[in-house]
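K.L.:
Sharing a model that was predicted from the sequence below.
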Amino acid sequence: MTMTEKFKILAKYIKDMSSETPDVETYLSAGNNIGKYQLDIDIKSIALKNKMIEVIITLKFQHKDTKVKRSHFEIIYAVAIKIDESIKEKKDLEKIILCDVPNSVVSDIEKSFTDMMHNSGFPNIKLEKKIDFTKLYLDRLH
């Protein structure tokens with residue numbers, strides 16, 4: 001690990017992936033209403049031993065209205081990292097977990113999401129804009 005790196009990625013993988021469309025009516029409804037689906041992102045972390053942390057990034061793509069037949073799509077992506085010894089401040093650690101780590105794997109997550117949507121019968125679904133973890137992190141601070 002060089003001095004400029006604050007963390008090193010030890011492993012990254014899909015921990016869980018779920019695409020739920022119970023029947024053809026739901027599939028057709030989801031197709032017609034896909035514009036109303038929203039992407040929710042959640043980031044959690046679990047401290048491991050030896051300055052290691054598991055960062056868990058969850059993407060949920062779902063329709064908020066419980067009255068319509070709807071599909072549910074979710075990816076839980078895990079990244080195991082080792083934090084550099086120089087990182088002591090809580091706010092520095094928080095930025096690494098909520099911003100730097102997700103930004104370093106965002107293209108993997110987006111590709112996994114798009115592939116899942118395609119394989120679930122929704123080939124035209126793409127993320128409208130890149131997920132900007134820096135903006136999400138800064139928004140959270142304000």
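P.N.:
Done, it's in.

K.L.:
Buried residues of the longest helix anywhere in the chain, list them for me.
P.N.:
Secondary structure of the chain per DSSP state H: the longest helix is helix 101-119. By neighbour count, with 16 or more other C-beta atoms under 10 Å as the criterion, the buried positions of helix 101-119 are V101, P102, N103, S104, V105, V106, I109, E110, S112, F113, M116, M117. For the C-beta atoms, the positions are set from N, CA and C on the backbone; glycine is no exception.

K.L.:
now stretch 82-96
P.N.:
K82, I83, D84, L93, K95, I96.

K.L.:
other SSEs contacting the longest helix of the chain?
P.N.:
strand 7-20, strand 52-63, strand 72-83, helix 133-141 (3 or more C-beta pairs under 8 Å, 6 or more residues apart in numbering; DSSP states H and E).

K.L.:
switch the cut-off to 6 Å
P.N.:
With contacts taken as 3 or more C-beta pairs under 6 Å, 6 or more residues apart in numbering; DSSP states H and E, helix 101-119 sits against strand 7-20, strand 52-63, strand 72-83.
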